[in-house]
Each structure stands twice: as structure tokens, then as C-alpha cells.
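J.: Got a predicted structure here, sequence first:
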Amino acid sequence: DTIPLAQPLVRLYGAGGKLDTMAPHDIYRAYNVQPVLDRGIDGSGQTIGVVARSDFNVSDILEFQQQFGTSVRSPVKIFPGGNPGIGAPLSVCQGIGNHQQFVQCTQAEEGEVLLDVQWAGGLAPGATMLVDISATDIDASLMDLVAHHPEAKVITMSFGDCERVDPTALQLFAPVYAQAAAQGQTVVVSTGDSGADGCQDGRGVSVSALASDPNVTAVGGTALDPGFDAHGDATGHVSESVWNDADGASGG
């Protein structure tokens with residue numbers, strides 16, 4: 001198709017600066033999740049579909065689970081049209097002549113799928129993670145999950161596409177989202193990392209076309225203060241506001 005490639009919304013940082021980061025048990029404490037898990041409500045018997053565009057090493061998922069003491073469960077991979085490779089060097093990153101840009105592309109693609117699988121599994125440790133990896137673009141992955149995997153009652157997609165620049169995306173995704181809703185599939189889509197300028201071109205406000213359909217739940221980012229103690233562990237929910245800082249902002 002002629003639709004521009006969607007952009008992965010993961011943000012990668014090097015080892016140059018010190019960062020406060022959250023582990024699954026910090027999230028449990030900040031949002032009072034642990035009592036729910038203790039009652040056995042952990043996603044068991046449910047399937048979460050992850051829209052992806054890059055293969056990944058399952059060992060990275062297992063290491064994350066072991067490191068942070070969550071249930072160790074291998075995700076299930078499906079490839080509706082061939083394997084794009086780890087970092088998608090055989091699909092969306094293919095043909096990038098500049099080495100640095102190629103590396104950035106592959107890191108973003110691999111980082112996005114790892115982030116989504118690790119954290120969806122971390123919050124629902126009993127659920128089956130069904131990772132649908134497209135060798136073209138995310139529309140193929142989403143369509144495969146909706147058409148062939150109705151058991152995935154939750155579908156998560158962390159990519160962005162400028163609605164103002166690409167209005168045809170609305171027409172492409174609308175019937176897929178409608179079918180998902182009719183089948184009882186909840187589709188959650190990230191709103192973006194660039195505030196109201198979802199197109200990142202300085203030409204005015206625009207939302208992500210992937211998140212603006214009425215049949216999906218658009219998920220924005222927040223800045224959470226979990227009350228880190230001297231050991232770097234969360235103590236509870238101190239405060240929370242819309243994410244808006246020097247590194248980016250929640251999409252509109």
C-alpha cells in the first residue's frame with residue numbers, strides 16, 4: 001500500500017546518564033495491583049495480542065521475567081507473512097544505506113516489541129502473550145490478529161501515524177477496529193510521544209490516526225511519582241500528571 005510506515009514509539013537511552021526506572025513490582029505497589037494478583041486475577045486463561053514488526057530473542061523476555069521475579073512464561077510468536085528478522089533488517093529497516101540510521105532503526109524495532117511483550121506480561125503474568133510479527137507493516141499484523149485470532153481479547157499496539165498527513169489510514173483501520181469491537185476484542189493504542197504535534201513537523205496539531213478511532217482505547221503517557229525510597233523501590237502512589245517534559249509529551 002501507499003500508507004507511510006508507522007513509527008515505533010519506544011524511546012531508547014544509552015548508558016550516559018542516571019535514570020530512575022520502574023520494575024513490575026514497583027508498578028504493583030504504585031497502583032495497588034498486588035491484592036488483585038493475590039486473588040488469582042492475573043490474566044490466566046486470557047490471551048494478549050501484541051502488534052509487532054520485529055522478531056526478538058525469547059531469552060530476553062525470560063531474562064526480564066527472572067530478573068524481576070514475575071511468572072516465567074514464553075511468549076508465542078506468529079508470522080503472518082514471513083520473518084522480518086530481529087530488528088526488522090529484512091523489512092522496514094532494509095535498504096537504509098547510512099549505517100547509523102540502520103542501527104537506530106533496528107534498535108527501535110527490536111526495543112518496541114521487547115518493551116510491549118515484557119510489560120504486558122509483567123502486569124498480566126498469567127496471560128498468554130501472542131506476538132504477531134509482520135514482515136511488511138503493522139496493518140498486516142493487526143488484521144491477522146483480528147481475522148484469525150479472536151482468542152486475543154486484548155490487542156496492544158504502540159505505533160504512531162500522523163492523521164493529518166495520512167488520512168487514508170483512518171479508512172484502512174476503521175473496519176478492522178469495528179470487527180475487533182464486534183468480536184469482543186479490546187484494542188489499546190498509544191497516543192504518541194510528541195504532544196499535540198503528532199506529526200512532528202511543526203505545522204500544527206494532529207493526533208495519531210491509529211489511536212483516534214472510536215472503537216479503540218487511546219492510551220496516553222503520565223509522569224508518575226511512586227515515592228522511591230532510599231533503595232530505589234516504589235512506596236506508593238504519591239502523584240501523577242500528564243507526561244510533558246524535555247524528553248517528550250503524551251499525545252493528544
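T.: Sure, I can see it. Numbers count the residues shown, from 1 in each chain.

J.: Look up how far residue 7 lies from the spatially most central residue of the chain.
T.: Centroid-nearest residue in the chain: residue 158, 3.5 Å away (criterion: CA atoms, centre = their mean). Distance from residue 158 to residue 7, counting by CB to CB, to the nearest Å: 10 Å. (C-beta placed from N, C-alpha, C; glycine too.)

J.: likewise residue 190?
T.: 11 Å.

J.: Find residues that contact each of those two.
T.: Here residue 190 and residue 7 have 159-160 as joint contacts, going by CB atoms under 8 Å, 6 or more residues apart in numbering.

J.: Only the buried residues of stretch 145-164, if you could.
T.: 145-146, 149, 152-163 (16 or more other CB atoms under 10 Å).

J.: wouldn't residue 191 be in contact with residue 210 here?
T.: No. The pair residue 191 / residue 210 is not scored as a contact, 9.1 Å apart, by CB atoms under 8 Å.

J.: The two: which has the busier surroundings?
T.: More neighbours surround residue 210 than the other of residue 191 and residue 210, with 31 against 22 (other CB atoms under 10 Å).

J.: State whether the more buried one is indeed within a strand.
T.: No. According to DSSP: H, G, I helix; E, B strand; the rest coil, residue 210 belongs to no strand; its state is coil.

J.: how near is it to residue 101?
T.: Using CB to CB, we find residue 210 at a distance of 23 Å from residue 101.

J.: Now residue 136: phi and psi?
T.: Backbone torsions of residue 136, given as degrees, to the nearest 10, read phi -120, psi -90.

J.: about what we covered before: need the overlap of contacts for residue 191 and residue 210.
T.: residue 160.

J.: Find the residue ranges of the stretch 151-252 of the chain scoring beneath the pLDDT cut-off.
T.: Within the stretch 151-252 of the chain, the segments meeting pLDDT under 70 span 252.

J.: And the helices in it?
T.: 168-182 (DSSP state H, counting those that start in this stretch).

J.: which residues touch residue 58?
T.: Per CB under 8 Å, 6+ apart, neighbours of residue 58: 74-75, 77.

J.: can you pull the pLDDT of residue 138?
T.: pLDDT, residue 138: 94.

J.: what residues are up against it?
T.: By CB under 8 Å, 6+ apart, the neighbours of residue 138 are 6, 51-53, 157, 159, 210.

J.: How about residue 245?
T.: Neighbour list for residue 245: residue 223 [criterion: CB under 8 Å, 6+ apart].
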